[in-house]
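1. Sequence and predicted structure are below.
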Amino acid sequence: MGIATSPITQQMIDYPLQRAPENVLVQVPYAKELTLHAPDENFPESLLKAIDVSLYSDVDDPEDYVKPLCPSGNCTFEPYQSLGVCSRIADISHLLTVTAMPNSTSADWTFVGDSTPRTVLNDIKPNGTTSFNATLPNGINLITPVSYAIARFMANVTDTLAFADDQDGLNFTAISRMYIIYSNAGNISSSSFIWPRDTAWEFHAVEILYYICVNTYVTSVTSGNPTTDIIASSNKPFLVDDNEPLPIVPCSELATFSWYCPIDRNSTRVTYLADPSDPDSKDISKAYSIPWSTATELQSHFAERIGELLYWDGGYQRPLFYIGAPALTLLDAAYGATFNITDPVAQEARLGITANNTAISLTNL
């Protein structure tokens, strides 16, 4: 992370160094305004890199927060606040409708683009030709002929199933929303497709929301090893009459797993979050600001980076087919490196870690 090339404009808080020579200062970055790049930049390479890096982050090796400046290697900081990106995950498996599709062909299955990947799976006949369609109430669905399948779908920010009752909270500064649908079909063998033909496999779904927040952190450095923890998080809107939620980018779906979201860099509007230490204040200097032009650009690039699908039939070939290289990371997050995780609670927790990795990566920029 660099202070000058941060998507969140970062300032520095100076603290007297503890257990160090007199007059030595330590520093920790914080942000009060969201920006992505300098005005003369046309393409925020740092943002795209952060999104890509986060999508490949190992669930068993979570992202770390940005390191503070601590020359002595032993520092203690007072709690401080900073604008950041937060994530929430919710289990919405109970909203899925799962139906069997007898005599299906590859034309029915969830894919993207031309017929090439369909051809790859034409010879796969687990469960005969029966596939299963797992559909959410908003129409997002996964149709798969194989017992292990996972897909991450981008969705319009307004298209929520789990957070509809929180319009003045999480949705006030929402920047991205996605759904993951995946199956737990048990340990089948690719050489003997013996899965029952008319029994629905076990499917699960989660909704993940990314939003701008104000976090309160505590940071310390011991023997050169930094530790940063969030002790509080707030997304309360600043109390002024013309403070409106972040705009919704009118994204259009070009194809399955492919989105286009226009960017409005000319907007002068700003959404404000309240200072958590004085949430009822109407002093604008205390508020945390999110320019609409910045928010729409973040939404756009995020949407265009998301969209993965992976099929695996329980055999030795791993995987049979996937779209988007981050799908392999998603696969490990849901099922474990050796496909030893099938408990939905554990899977949701691991998928939550992948979401948090992305939030931390964007916050660190």
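-> Alright, I've got the coordinates.
2. Output the below-cut-off pLDDT ranges for the chain.
-> The chain contains residues with pLDDT under 70 at 1-29, 36-44, 112-129, 157-158, 166-169, 185-200, 255-258, 312-322, 325.
3. quick one, helices of it?
-> 45-55, 116-121, 292-305, 326-335, 344-364 (DSSP state H).
4. Which among those is found nearest to D61?
-> helix 344-364 (9.1 Å; Cβ to Cβ). Yep, even glycine has a C-beta here, placed from its N, CA and C like the rest.
5. which parts of that closest one are buried?
-> The neighbour-count check on helix 344-364 (16 or more other Cβ atoms under 10 Å) flags 344, 347-348, 350-364 as buried.
6. hmm, back to that, please convert the helices of the chain to TSV, extending it with distance to I143.
-> Formatted as TSV, the helices of the chain follow (distance: least, Cβ to Cβ, whole Å):
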stretch	distance to I143
helix 45-55	24
helix 116-121	12
helix 292-305	23
helix 326-335	17
helix 344-364	21
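7. Ok, which of those comes nearest Y211?
-> Among these, helix 344-364 comes nearest to Y211, with 9.1 Å by Cβ to Cβ.
8. by how many degrees do that closest one and helix 45-55 diverge?
-> The directions of helix 344-364 and helix 45-55 differ by 160 degrees, with axes from the mean of the first three to the mean of the last three Cα atoms, to 10 degrees as the criterion.
9. Correct me if wrong: A359 contacts Y65.
-> No: between A359 and Y65 there is no contact under Cβ atoms under 8 Å: 10.6 Å.
10. could you list every residue that touches D52?
-> R305 (Cβ atoms under 8 Å, 6 or more residues apart in numbering).
11. Would you mind measuring from it to G324?
-> 11 Å (Cβ to Cβ, to the nearest Å).
12. again, but for Y311
-> Note on Y311: its distance to G324, by Cβ to Cβ, is 13 Å.
13. Those two - which one has more neighbours?
-> Shown here are Y311 and G324; by other Cβ atoms under 10 Å, Y311 has more neighbours (27 against 19).
14. Against F339, how distant is that one?
-> The spacing between Y311 and F339, counted by Cβ to Cβ, is 14 Å.
15. Mutual contacts of these two, please.
-> Residues touching both Y311 and F339 by Cβ under 8 Å, 6+ apart: Y148.
16. burial of the nearest residue to K286 once chain neighbours are set aside, as a residue count?
-> Counting by Cβ to Cβ, 6 or more residues apart in numbering, D275 is the residue found nearest to K286 once chain neighbours are left out, at 4.2 Å. For D275, the count of nearby residues is 20 (other Cβ under 10 Å).
17. what's the answer for the one 10 residues further on, then?
-> The burial metric for S285, expressed as a neighbour count using other Cβ under 10 Å, is 7.
18. With the one 10 residues further on instead?
-> By other Cβ under 10 Å, the residues close to A295 number 26.
19. burial count for the spatially closest residue to it that is not a sequence neighbour?
-> Leaving aside its chain neighbours, A295 sits nearest to L246 (4.7 Å; criterion: Cβ to Cβ, 6+ apart). L246: 25 surrounding residues under other Cβ under 10 Å.
20. now swap in V240 and tell me
-> 12.
21. going forward can the numbers begin at 12, since that is how I track them
-> With the count now opening at 12, the last piece we talked about shows up as V251.
22. measure it to S68 for me?
-> V251 is 37 Å from S68, by Cβ to Cβ.
23. Likewise for A216?
-> From A216 across to S68, the span is 22 Å (Cβ to Cβ).
24. okay, the two: which has more neighbours?
-> For A216 versus S68, the count of surrounding residues by other Cβ under 10 Å is larger for A216: 25 against 20.
25. Quick check: that one touching T108?
-> No: A216 is beyond contact range of T108, at 10.6 Å (criterion: Cβ under 8 Å).
26. intersection of neighbour lists for the two?
-> Contacts common to A216 and T108, judged by Cβ under 8 Å, 6+ apart, are A145.
27. And for N226, the neighbour number?
-> 25.
28. That one pairs with what?
-> S93, S244 (DSSP bridges).
29. List the contacts of it.
-> With contact set as Cβ under 8 Å, 6+ apart, N226 has these partners: 92-93, 95, 97, 241, 243-245, 374.
30. Kindly write the PyMOL command that selects the buried subset of the residues you listed.
-> Buried subset of the contacts of N226, written as a PyMOL selection, criterion 16+ other Cβ under 10 Å:
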select buried, resi 92+93+95+97+245+374
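31. Distance to N277 added to the contacts of N226, as TSV?
-> Shown next, in TSV, are the contacts of N226 (distance: Cβ to Cβ, whole Å):
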residue	distance to N277
Q92	30
S93	28
G95	26
C97	28
I241	34
A243	35
S244	31
S245	30
T374	26
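32. what about Y221, distance to V232?
-> Distance from Y221 to V232, counting by Cβ to Cβ: 29 Å.
33. Give me the residues contacting stretch 162-173.
-> 101, 103, 106, 121, 147-149, 151, 153, 182, 185-193, 218, 220, 259-260, 262, 268, 270, 310, 314, 317-321, 337-338, 341.
34. out of these, which are buried?
-> By 16+ other Cβ under 10 Å, the contacts of stretch 162-173 give 103, 121, 147, 149, 151, 153, 182, 185-193, 218, 220, 259-260, 262, 268, 270, 310, 314, 317-321, 337-338, 341 as buried.
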